[in-house]
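*Asks:* Give me a model of this one.
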Amino acid sequence: MRITLDSSVLIAAYVARAGACAELLEEVLQHHELVLSGHILDEVRRKLTYKLLLPPRLVTRVVQSLSRAATMVETAPLPLDAELLVSVDNDLLVLKRYATVDIVRPGEFWNRVAR
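*Replies:* Just a heads-up that it's a prediction; the model follows:
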């Protein structure tokens, strides 16, 4: 399955290094295709730099790691090439669907994968 993780999920996965978002990222990387856009990676970079105040070198490594692991697409802000967008952002979740992409919480992702 082609899956996009929004910036909040990606940041939680890297900052916590354990927990639901980290496990979700690991699952996607091992068993699915992670689809990201430059827009999502820019959000990750901004939030890690200005909100969490991480060192620039660490932020660069995180963004480079994600870009190498993902299929990068030009679509911004939401890659329409994916089947799912996993998010914890309520502004996205209320949409439930954008074009052909279902927008789900991490728990719903696990429910779909278990099927």
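
*Asks:* Quick one: residues contacting the closest residue to Leu36 other than its chain neighbours.
*Replies:* Spatial nearest neighbour of Leu36, excluding adjacent residues (CB to CB, 6 or more residues apart in numbering): Ala70 at 4.1 Å. For glycine as for every other residue, the C-beta is placed from the backbone atoms N, C-alpha and C. By CB atoms under 8 Å, 6 or more residues apart in numbering, the contact set of Ala70 is Leu34, Val35, Leu36.

*Asks:* So which of those residues are in strands?
*Replies:* Those of these mapping onto strands are Leu34, Val35, Leu36, per DSSP state E.

*Asks:* I'd say Val104 and Arg112 touch.
*Replies:* Yes: under the criterion of CB atoms under 8 Å, Val104 makes contact with Arg112 at 7.3 Å.

*Asks:* Show me whatever sits in contact with both of those two.
*Replies:* In contact with both Val104 and Arg112: Leu84, using CB under 8 Å, 6+ apart.

*Asks:* Who has more neighbours out of the two?
*Replies:* Higher neighbour count among Val104 and Arg112: Val104, with 20 against 15, using other CB atoms under 10 Å.

*Asks:* Can you tell me which of the ones in strands among the contacts of Ala70 lies closest to Leu10?
*Replies:* Distance to Leu10, by CB to CB, is smallest for Leu36 among these, at 8.2 Å.

*Asks:* That closest one against Arg68, yeah?
*Replies:* No: applying CB under 8 Å as the test, Leu36 and Arg68 come out as separate, 10.6 Å apart.
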